[in-house]
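Enquirer: Build me a structure from this.
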Amino acid sequence: MKNRILPLLSSVALLLSFTNNIVGQRRPTPITDHYDTHLEADLKTLQEAALADDYALRTLAHLCNNIGPRLSGSPQAAHAVEYVAAEMRKLGLEVKLEKCTVPHWVRGIETAALTAFSGQAPNTTQKVVVTALGGSVATPPEGVSAEIVVVNSFEQLKTMGRVGIEGKIVLFNVRFDTRMAAQGEWSQAYGQAVAYRGLGPSEAARLGAVAALVRSVGGADFRLPHTGALRYAPDAPRIPAGAVTSEDADTIAYLSAEGKVTMHLTLTPQTLADIESFNVVADLKGTEHPEEIVIVSGHLDSWDLGTGAIDDGAGVVIAMETAQLIRQLGLKPKRTIRIITWMNEESSGSGSRAYAESHKSEFPNHIAAIESDLGAGHPLGFNARIGEKALAMLAPLTEILRASGAGLIKVVPGGTGADIEPLEVDGVPCFGMLQDGRTYFNYHHTAADTFDKVIPRELAENAAAMALLAYAVASLPDRLPR
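Expert: Reported below is the predicted structural model:
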């Protein structure tokens, strides 16, 4: 899930204010003229086939278990590009590898220990489980030792000022709101906490901190640290930054309330020279309007602690499944369905930017864009940035999607997907898969983001929802209005 931090924060702010225009609560009058009996029959056939097919599951298993983590710039990311391209060529799609330049950051040694604290047994230290944040600079090879200061907000940090922060390690102990996530507001819960991962290191550096740590941005208490990108401000010093587990953050906060706590921290990541990589762009050509494009997509890169199953291998394979199913059933969309597996969503979004730069002149003929980047939980439907007319045109489709519990369309003012954001800004109708994300942030950006977390039936439900939306939009007599 997206980790260009500043665009993410902007998108989260938009989601906080989205309108509750939901098909099923305030249903527009269906324009049934857009759906002849053949299209309705094709959509139902496509749905049945998707729920029974295991192509997405098998492909995801290969991405996770055979190729593994796909950090931008890594050999695994390059191999995944070739694998996806080969799979799409097998289906007879027209495949292009479109260049983008990606950062090449590699993780190094990651250790932390509390070396002085109240009640300490003689000649002992206490281990802290830590991981570097993506893009972090390194400590000296021997590490850094300093007092650790716990703050619960940016306001508290500013109140302490340079006198309270200079020369120290700052821990932003901001909890992920698990109750909010359990009640369905998982994106909002993430947005509240992720600001400290993205902006915290620079805020601490401005006051003279020697390093910054954040409480892991996630909901699980399994002593797993969550990585993710930070964004150094251009006007602040760059200091080493990492994430500690929620359990260790609690321990540090407890000990700090009793007195001074000292930590020894070693992080040795490296930022190497930028490297060439690729978006995979595969076209299933339309029969009547091949110049008109409907995008289905997910991002191929992942963080390196796990194997990128839910973030975002699942999104990649359900997009690939759309092509597989349409080919398998011999369906003929009127417009071109374009499968895109984006590169470098997690750290800087260079793949999305490269696509926008290369295809900007074609945006008027981009009819819709769909992205999946919230895991593989049961799909509820879609977040959509569309108008009333487009919403009405999709009403018959939502009736079919209700058969698998995915008939919800929430009209939002923005934030449907990080990689399709340039299209969204241009006015292209955009859709983000809306999955059950109550447990997504338990595993997101951790070593536990692995293939076993994916439930086969729910992955198939996601494939059905994406395939039906893509095929319907590509096959309607009229293009969706902007």
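Enquirer: any idea how far the top strand by length along the chain is from the chain center?
Expert: Determined from DSSP state E, the single longest strand within the chain is strand 270-284. In terms of CA atoms, centre = their mean, to the nearest Å, the centre of strand 270-284 is set 17 Å apart from its chain centre.
Enquirer: switch to numbering from 45
Expert: I'll keep to 45 as the first residue from here, and by that count the last item is strand 314-328.
Enquirer: in whatever helix or strand comes next after that strand, what counts as buried?
Expert: Elements were assigned by DSSP states H and E; along the chain past strand 314-328, the next helix or strand is strand 333-343. Buried residues in strand 333-343, defined by neighbour count with 16 or more other CB atoms under 10 Å: Pro334, Glu336, Ile337, Val338, Ile339, Val340, Ser341, Gly342, His343. Heads up, the C-betas are built off the backbone N, CA and C, glycines and all.
Enquirer: Can you tell me how far the third one is from Leu467?
Expert: Look at Ile337 and Leu467: by CB to CB, to the nearest Å, they are 10 Å apart.
Enquirer: Now do the shared contacts for those two.
Expert: Each of His410 lies in contact with both Ile337 and Leu467 under the rule CB atoms under 8 Å, 6 or more residues apart in numbering.
Enquirer: So which residues of the stretch 295-444 of the chain form helices?
Expert: Assigned helices in the stretch 295-444 of the chain, in chain order: 358-373, 394-403, 432-445 (criterion: DSSP state H, counting those that start in this stretch).
Enquirer: so which of these comes closest to Tyr240?
Expert: For the helices of the stretch 295-444 of the chain, proximity to Tyr240 was assessed by CB to CB; helix 394-403 is nearest, at 24.5 Å.
Enquirer: counting contacts, what elements does the closest one pack onto?
Expert: With contacts taken as 3 or more CB pairs under 8 Å, 6 or more residues apart in numbering; DSSP states H and E, helix 394-403 sits against strand 138-150, strand 314-328, strand 379-386, helix 465-469.
Enquirer: ok so Ile453 is a strand residue?
Expert: Yes - applying DSSP: H, G, I helix; E, B strand; the rest coil, one finds Ile453 inside a strand.
Enquirer: That one reaches Arg446, doesn't it?
Expert: No - in this structure, Ile453 sits apart from Arg446 without contact. The criterion is CB atoms under 8 Å, and the distance is 11.1 Å.
Enquirer: who has more neighbours, the two?
Expert: Between Ile453 and Arg446, Ile453 has the larger neighbour count (other CB atoms under 10 Å), namely 27 against 14.
Enquirer: gap between the more buried one and Gly476?
Expert: 11 Å.
Enquirer: Can you check which residues contact both of these two?
Expert: Phe426, Ala428.
Enquirer: one step back: the helices and strands packed on helix 394-403 into a markdown table, with extra columns for mean neighbour count and mean pLDDT?
Expert: A markdown table is the format used below for those (neighbours: other CB atoms under 10 Å; pLDDT from 0 to 100):
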| stretch | mean neighbour count | mean pLDDT |
| --- | --- | --- |
| strand 138-150 | 18 | 98 |
| strand 314-328 | 18 | 98 |
| strand 379-386 | 27 | 98 |
| helix 465-469 | 21 | 98 |
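Enquirer: Only C-alpha atoms, please: export the longest strand of the chain in CSV.
Expert: Provided in CSV are the C-alpha atoms of strand 314-328 (Å, rounded to 0.1, in the frame of the first residue of the first chain):
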residue,chain,number,x,y,z
GLN,A,314,23.0,2.0,2.0
THR,A,315,21.6,4.1,-0.7
LEU,A,316,23.3,2.9,-4.0
ALA,A,317,23.1,4.5,-7.4
ASP,A,318,19.6,4.7,-9.0
ILE,A,319,18.9,1.7,-11.3
GLU,A,320,16.8,1.1,-14.4
SER,A,321,13.6,-0.9,-13.9
PHE,A,322,10.2,-1.3,-15.7
ASN,A,323,6.5,-1.2,-15.5
VAL,A,324,5.0,-4.2,-17.3
VAL,A,325,2.2,-2.9,-19.6
ALA,A,326,0.2,-5.7,-21.3
ASP,A,327,-2.7,-4.9,-23.7
LEU,A,328,-5.7,-7.1,-24.4
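Enquirer: Tell me the helices and strands packed up against it.
Expert: Secondary-structure packing of strand 314-328 (3+ CB pairs under 8 Å, 6+ apart): helix 119-134, strand 138-150, helix 358-373, strand 379-386, helix 394-403.
Enquirer: you'd agree Leu424 is up against Asp480?
Expert: Yes - if you go by CB under 8 Å, Leu424 and Asp480 touch, sitting 6.5 Å apart.
Enquirer: Please say which of these two ends up with more neighbours.
Expert: Neighbour tally, Leu424 and Asp480, criterion other CB under 10 Å: the higher count belongs to Leu424, 21 against 17.
Enquirer: So the residue sitting furthest away from the middle of the chain: helix, strand or coil?
Expert: Note on the chain: the largest separation between a C-alpha and the mean C-alpha position, by CA atoms, centre = their mean, falls on Pro166 (45.0 Å). For Pro166, the secondary structure call by three-state DSSP comes out as coil.
Enquirer: possible to save the buried residues of strand 333-343 as JSON lines with pLDDT?
Expert: Converted to JSON lines, these look like this (pLDDT from 0 to 100):
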{"residue": "Pro334", "pLDDT": "98"}
{"residue": "Glu336", "pLDDT": "98"}
{"residue": "Ile337", "pLDDT": "98"}
{"residue": "Val338", "pLDDT": "98"}
{"residue": "Ile339", "pLDDT": "98"}
{"residue": "Val340", "pLDDT": "98"}
{"residue": "Ser341", "pLDDT": "98"}
{"residue": "Gly342", "pLDDT": "98"}
{"residue": "His343", "pLDDT": "98"}
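Enquirer: Could you point out the bridge partners of Cys474 in the sheet?
Expert: With beta bridges defined as DSSP bridges, Cys474 has these partners: Ala413, Arg429.
Enquirer: show me the contacts for it.
Expert: Ala412, Ala413, Ile414, Glu415, Ala428, Arg429, Ile430, Thr460, Gly461, Ile464, Leu467, Glu468.
Enquirer: How about the last one, nearest residue that isn't a chain neighbour?
Expert: Counting by CB to CB, 6 or more residues apart in numbering, Cys474 is the residue found nearest to Glu468 once chain neighbours are left out, at 4.2 Å.
Enquirer: and Glu210, how many residues sit next to it?
Expert: Other residues near Glu210 come to 12 when the count uses other CB under 10 Å.
Enquirer: ditto for the one 5 residues further on
Expert: Here the neighbour count serves as a burial measure; for Leu215 (other CB under 10 Å) it reads 28.
Enquirer: I figured it was touching Val258, is that so?
Expert: Yes - with contacts counted by CB under 8 Å, Leu215 reaches Val258, the gap being 7.5 Å.
Enquirer: Excluding sequence neighbours, find me the nearest residue to Val173.
Expert: Distances taken as CB to CB, 6+ apart place Thr289 nearest to Val173, at 4.8 Å, with adjacent residues excluded.
Enquirer: Kindly report the same for Ala491.
Expert: Leu349 (4.3 Å).
Enquirer: Now the terminal residues of stretch 180-193, how far apart.
Expert: 20 Å (CA to CA, to the nearest Å).
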